[in-house]
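**Student:** For reference, the sequence and a predicted model appear below.
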Amino acid sequence: MIARRMALVLVRTIAEARAAVRRAKREGKRVGFVPTMGYLHEGHLRLVDLCRERADYCAVSVFVNPTQFGPGEDYERYPRDLERDRRLLEARGVDLLFAPSVEEMYPEPPLIRFQIEKLADHLCGPRRPGHFPGVLLVVTKLFHILEPDVAVFGQKDLQQLVIVKRLVRDLNFPVEIVAGPTVREPDGLAMSSRNEYLSPEEREKATVLYRALQRAKALVEGGERSAAAVLAAMRDVIERVEGVRLDYVEAVELETLQPVERLEGRVALAVAAFVGPARLIDNLVLDVRDGQVREVPAID
Ligand code: AMP
């Protein structure tokens, strides 16, 4: 007999999601999970591929989480198309799609909040106060609902990845966190649902984030170890492009996300910039030791 894959199951309630996962677990399956805000692109779908490599049963959530958006951010206009997402996930062999409503996830305003020490002090943390506490709240809820054995996060959102890894360590969640490399368009632009906001002209300009990171990498490969010099070069690349407004460029130590002066060991170069209506982020993780520079596409 030919073993046929089961079709994707779409559930909207926590009770149905729990029941589906528990059934899979009773069958002895290892459960993998990819949380998303939907409007899926190839970056998300590669995380799904990684999830399927590491688990027997793959669950994906699509939920635009209001608690991680600040006032004046793009919560309302964030792109949404659940039917398209459902088709893409089904074609990629996903077993369960959990797409709850806001009322299902937050029937009453949550009174418990996360406080993050150190890891949210730099990069996006101070620019988006409340963002990472909101991420940890929804990730915790989703982990408790779906009880995954493994969960996959993209390195595109490096600060989120590092903070979630620490959440799991500090609070003893029984889940393995796996990082997926940043998936890029052919011209280097990191894929993002927010690229949807860009006009064709802005889309062209948006490649400047990647170009700044490549410039930084070339300098470090050429022997430059001063963070200030590399960051100045990145700023210079970005400020040359009219219509792009730099939010930050920073060089941080990977474990603590604290700024470094010298680019040695495992360091991340990170950039955020407004291109038209979109706030875009990108980063590069380098391992610099013994005169060797190695890019780390997925941290362990
Ligand atoms: P989002 O839907 O933007 O919340 O992203 C859901 C997950 O997909 C997060 O773990 C992101 O880091 C990851 N992700 C988003 N864009 C990319 C990309 N271009 N490459 C790899 N992972 C990504």
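**Tutor:** That came in fine, so what should we check first?
**Student:** Any residue of stretch 119-138 touching the ligand?
**Tutor:** No - counting by Cβ under 6 Å from any ligand atom, the ligand is not contacted by stretch 119-138; separation bottoms out at 8.7 Å. For every residue, glycine as well, the C-beta is placed using N, CA and C.
**Student:** So for that stretch, first residue to last residue, what's the gap.
**Tutor:** 18 Å (Cα to Cα, to the nearest Å).
**Student:** give me the number of residues near Leu171?
**Tutor:** Neighbours of Leu171 under the rule other Cβ atoms under 10 Å: 11.
**Student:** cool, and Pro129?
**Tutor:** Neighbours of Pro129 (other Cβ under 10 Å): 11.
**Student:** how about the nearest residue to Pro259, chain neighbours excluded?
**Tutor:** Val252 (5.7 Å; Cβ to Cβ, 6 or more residues apart in numbering).
**Student:** next helix or strand past the helix or strand Leu231 falls within?
**Tutor:** Using DSSP states H and E, Leu231 maps to helix 227-239. Per DSSP H and E, the first helix or strand lying C-terminal to helix 227-239 is strand 244-253.
**Student:** report the angle between the axes of that following strand and helix 227-239?
**Tutor:** Relative orientation of strand 244-253 versus helix 227-239 (axes from the mean of the first three to the mean of the last three Cα atoms, to 10 degrees): 160 degrees.
**Student:** and the residue nearest to Pro259, how far is that from Lys217?
**Tutor:** Distance, Val252 to Lys217, using Cβ to Cβ, to the nearest Å: 16 Å.
**Student:** more crowded one of these two?
**Tutor:** Val252 (23 against 16).
**Student:** Which residues are in contact with the more buried one?
**Tutor:** Residues near Val252 by Cβ atoms under 8 Å, 6 or more residues apart in numbering: 122-123, 258-260, 267-268, 270.
**Student:** Among these, name the buried ones.
**Tutor:** 122-123, 260, 267-268, 270 (16 or more other Cβ atoms under 10 Å).
**Student:** And stretch 265-284, what's buried?
**Tutor:** Across stretch 265-284, burial judged by 16+ other Cβ under 10 Å covers 267-273, 275-276, 278-284.
**Student:** For the stretch 101-250 of the chain, which segments count as helices?
**Tutor:** Counting by DSSP state H, counting those that start in this stretch, one finds helices in the stretch 101-250 of the chain at the ranges 102-105, 124-127, 131-146, 158-170, 200-205, 208-221, 227-239.
**Student:** I'd like the ones you listed as TSV, with distance to Arg289 and mean pLDDT appended.
**Tutor:** TSV is the format used below for those (distance: least, Cβ to Cβ, whole Å; pLDDT from 0 to 100):
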stretch	distance to Arg289	mean pLDDT
helix 102-105	43	98
helix 124-127	27	98
helix 131-146	29	98
helix 158-170	20	98
helix 200-205	35	98
helix 208-221	12	98
helix 227-239	16	98
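**Student:** Distance of Glu176 relative to Gln155?
**Tutor:** Plainly put, Glu176 is 16 Å away from Gln155 if you go by Cβ to Cβ.
**Student:** Who has more neighbours out of these two?
**Tutor:** The neighbour count for Glu176 versus Gln155, taken as other Cβ under 10 Å, is higher for Gln155 (22 against 16).
**Student:** May I ask you to confirm that the more buried one is in contact with Ala298?
**Tutor:** Yes - taking contacts as Cβ atoms under 8 Å, Gln155 lies within contact range of Ala298: 5.8 Å.
**Student:** Any chance you could list residues touching both of the two?
**Tutor:** Shared contacts of Gln155 and Ala298 (Cβ under 8 Å, 6+ apart): 179-181.
**Student:** filter the residues you listed to the buried ones?
**Tutor:** 179-181.
**Student:** check contacts around the nearest residue to Val296 once chain neighbours are set aside.
**Tutor:** Leaving out its chain neighbours, the residue that sits closest to Val296 by Cβ to Cβ, 6+ apart is Val285, at 4.2 Å. Val285 makes contact with 155, 158, 254, 266-268, 295-297, 299 under the criterion Cβ under 8 Å, 6+ apart.
**Student:** Ok, Thr182 next?
**Tutor:** Here Thr182 is in contact with 43, 154-156, 190-191, 282-283, 297 (Cβ under 8 Å, 6+ apart).
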